[in-house]
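S.K.: Sequence and predicted structure are below.
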Amino acid sequence: MTAGVRTKGVAGSKSLFDRDIFTAAIKSSFVKLDPRVQVRNPVMFVVYLGTIVTLIASIIHTSLFSWIVTVVLAFTVLFANFAEAMAEGRGKAQADTLRKTRTETEARRLTPDGSEEVVPANQLQTGDLVVCEASDIIPSDGEIVEGVASVDESAITGESAPVIREAGGDRSSVTGGTQVLSDRIVIKITATPGNSFLDRMISLVEGADRQKTPNEIALSILLIALTVIFVPVVVSLEYFAHFAHTGIAIVTLVALLVCLIPTTIGALLSAIGIAGMDRMVQKNVLAMSGRAVEAAGDVSTLLLDKTGTITFGNRMASRFVGVGGTPSDELARVARLASLADETPEGRSIVVLAKNEYGIRDNEATTDYEFVPFSATTRMSGVNINDVQIRKGATEAVKRWVLDQGGEVPSEVDDITKEIANAGSTPLVVAQNKKVLGVVELKDVVKPGIKERFAELRKMGIRTVMITGDNPLTAAAIASEAGVDDYLAEATPERKLELIKEEQEGGKLVAMTGDGTNDAPALAQADVGVAMNSGTVAAKEAGNMVDLDSSPTKLIEIVEVGKQLLITRGALTTFSIANDLAKYFAIIPALFLAAYPQLKVLNIMHLHSPITAILSAVIFNALIIIVLIPLALRGVKFRPAAAGEIIRRNVFIYGVGGVILPFIGIKLIDIILTVTRLY
Ligand SMILES: Nc1ncnc2c1ncn2[C@@H]1O[C@H](COP(=O)(O)OP(=O)(O)OP(=O)(O)O)[C@@H](O)[C@H]1O
Ligand SMILES: [K+]
Ligand SMILES: [Mg+2]
């Protein structure tokens, strides 16, 4: 366990209600009074205009009542601003920290003749080659084209343990602002000036390019409709009043309108969205758009890699089984030879097992040793030493390789590989030229707790599909042990892409994680494509989220954060609308009591007077925003369940709560106003 080592960088240490954020948010609540800011939120803009109207009315026709209404309305607008500013606060603080990381670095650029020149990092162009050595800050994003180095990425990921980055393969990308700790690397710059990962991250956490998502726009339209509808309602009240020879002051009409329009959700909507993005950042995930976060909440299929996500990912060689008369120690010697330069966990574990089981330790690698690296497409790796070719890999791949050379495959190979696969292990067949020497068993262990995780996802109505390059038998064994809904074996990047398209056909949203360049097309096709930060530049550009921790199981958390955002928004919308309806019944009878004494039966709240009724309602309307800010920022508590069940439960809690609460709240405020003899 490395507990305690983690010092969250992006995530920051600031709590939701940090004092600095709080003070900054109060300031920003007043700055946001700018009409150009206000007009972007139509519901609150109506309150804003209403405040101006009551202010003018108060000046012309001054009364305590109209001044109180004006002040309360002004606070309603400020509270909405405050909610948004609080949601933005943590991101702003993080952006400041990140800006400090992006100090004016200098770059050692390679000129065509091979010499070095020192240039400011912000002058680097795409394609430039730069050199970095121990203690150098990497000047901009790029791909290592030469060398291997350990890199401290804590400035970006908050993870203090150094990571290895090397040329070739899926761990070649480096990020500007991180620091080289050892060795020397040559980096090819991939970012245009001002467009680096750090730049994008700053504008992301700051919310600078935040745009309304399609769902948010749809909800805004509904809220505008609910606002517009109440204007004639309120105006017609004036008409009724006229009829009853009472007459309602303009201040009262404005107050009434504000009580009836959906100000609660109008005030909190933007904060809910920003807080959702922020919760992703807290999980060290950078979502490139709010749309991606929402999509995560709507996902119905999760594609998960087997190795590393469902299993521990360090498949370990556990047994050498020789075939066709080849003794096991001979198999071990050859398999080890083919693995000396294989840096994958599988390769390294073979070297370790050969040493532990048979004491083979001498280094046989020579200059004639030509390593053939593993690839997901060939599903083999090996070595060529002069005429001797050794391959190890997936059963079908190695069998084909042997048959293509005119060799034969002993029938016992099938029996052994089947036996290994049925146990959920991975068989690696080892062959030298035309001859199959035997099989290495790679043990793969399903992560504890993963089965429960999938059960939760199933409850939410999400289908999990395990993707693996492994053979169908191993895949089936692991799939049933882990409890996934489906699996795809012998998967190639192309098959992955096809699978996503198939799933999407019925309008379903698909999420996946990937790190390699060959994952890029699938990441781009998925509705939620989470690229590992350790992955290639191509993968990161194709996806719409980057996981700074490069954790394979992060996808599950991402879906939960997305769901929580949608649920919070739904719950608070329900609450807001229920609330407004309740207010209607709470105050209208009180208002007309004088004119229509018959309404007495409806006046179940027994409010002191029409004036205290109106005042209590607007005060309640303003205070409820403040009360709900923590819920909007933290999100509604989330328990895995089917979407339909969640909706039913929330409609019940927030709908019924939304109806009852105004009755209690307004009555309480009315009592306070009466007891204090304000009225
Ligand atoms: N280092 C290696 N050398 C040779 N063959 C390997 C090596 N690693 C894996 N293989 C073989 O290639 C197959 C495919 O591996 P690949 O990494 O594509 O898929 P996987 O590890 O099963 O799934 P995942 O996509 O989750 O990593 C494995 O099942 C194994 O038989
Ligand atoms: K309201
Ligand atoms: Mg793999």
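M.R.: Cool, the structure landed. Ligands and ions are numbered 1, 2, ... in the order given.
S.K.: List the residue ranges of this structure that fall below the pLDDT cut-off.
M.R.: 1-16, 101-103, 208-209, 241-248, 363-367, 594-595, 678-679 (pLDDT under 70).
S.K.: Swap in 50 and give it another go.
M.R.: Scanning the chain with the threshold set as pLDDT under 50 gives 1-13.
S.K.: And the residue of it that's closest to ligand 2?
M.R.: residue 263 (3.7 Å; CB to the ion). No exception for glycine: its C-beta is placed from N, CA and C like everyone else's.
S.K.: could you check whether stretch 445-465 is close to ligand 1?
M.R.: No: on the criterion CB under 6 Å from any ligand atom, stretch 445-465 is out of touch with ligand 1, staying 12.1 Å away.
S.K.: Residue 288 - how many residues pack around it?
M.R.: Counted by other CB atoms under 10 Å, the residues lying close to residue 288 total 18.
S.K.: again with residue 345
M.R.: 17.
S.K.: Could I get the full set of strands for the stretch 251-400 of the chain?
M.R.: 285-287, 301-305, 316-322, 369-372, 380-385, 388-393 (DSSP state E, counting those that start in this stretch).
S.K.: and whatever residue of the stretch 501-650 of the chain ends up closest to ligand 1, what does it touch?
M.R.: Evaluated by CB to the nearest ligand atom, the stretch 501-650 of the chain has residue 552 as its residue closest to ligand 1, separated by 8.2 Å. Shown in contact with residue 552 (CB atoms under 8 Å, 6 or more residues apart in numbering): 304-305, 308-309, 313, 513.
S.K.: ditto for residue 545
M.R.: Residue 545 touches 280, 285-288, 292, 296, 528-531, 558, counting by CB under 8 Å, 6+ apart.
S.K.: same thing with residue 656?
M.R.: Applying CB under 8 Å, 6+ apart, one finds that residue 656 lies in contact with residue 578.
S.K.: repeat for the one 10 residues further on
M.R.: Remark: with contacts taken as CB under 8 Å, 6+ apart, residue 666 is in contact with 583, 586-587, 605, 607, 613, 616-617, 620.
S.K.: what's the closest non-adjacent residue to it?
M.R.: Closest residue in space to residue 666, ignoring its immediate chain neighbours: residue 616 at 4.5 Å, by CB to CB, 6 or more residues apart in numbering.
S.K.: Could you tell me whether that neighbour really is in a helix?
M.R.: Yes: under DSSP: H, G, I helix; E, B strand; the rest coil, residue 616 sits within a helix.
S.K.: I'd say the residue of the chain closest to ligand 2 and residue 45 touch.
M.R.: No: applying CB atoms under 8 Å, one finds residue 263 not in contact with residue 45, separated by 11.0 Å.
S.K.: Of these two, which one has the most company?
M.R.: residue 263 (30 against 18).
S.K.: Show me where the stretch 51-200 of the chain has its helices.
M.R.: Remark: helices assigned in the stretch 51-200 of the chain by DSSP state H, counting those that start in this stretch are 64-101, 154-157, 197-206.
S.K.: In TSV, list those along with distance to ligand 1 and mean neighbour count.
M.R.: TSV is the format used below for the helices of the stretch 51-200 of the chain (distance: least, CB to the nearest ligand atom, whole Å; neighbours: other CB atoms under 10 Å):
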stretch	distance to ligand 1	mean neighbour count
helix 64-101	32	22
helix 154-157	22	22
helix 197-206	25	20
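S.K.: In a markdown table: those, plus distance to ligand 2.
M.R.: Below are those laid out as a markdown table (distance: least, CB to the ion, whole Å):
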| stretch | distance to ligand 2 |
| --- | --- |
| helix 64-101 | 9 |
| helix 154-157 | 43 |
| helix 197-206 | 30 |
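S.K.: Make TSV out of the ones you listed and add distance to residue 666.
M.R.: Converted to TSV, the helices of the stretch 51-200 of the chain look like this (distance: least, CB to CB, whole Å):
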stretch	distance to residue 666
helix 64-101	13
helix 154-157	49
helix 197-206	39
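S.K.: Looking at the ones you listed, spot the one closest to residue 321.
M.R.: Shortest distance between residue 321 and the helices of the stretch 51-200 of the chain, using CB to CB, is found for helix 154-157: 41.6 Å.
S.K.: now the closest one, how far from the centre of its chain.
M.R.: Chain-centre distance of helix 154-157: 17 Å, with CA atoms, centre = their mean, to the nearest Å.
S.K.: likewise stretch 638-658?
M.R.: Put simply, stretch 638-658 sits 23 Å off its chain's centre (CA atoms, centre = their mean).
S.K.: next one: stretch 453-472
M.R.: 19 Å.
S.K.: on that earlier part again, of the contacts of residue 552 - the most surrounded one?
M.R.: Neighbour max across the contacts of residue 552 (other CB under 10 Å) = residue 513, 31 neighbours.
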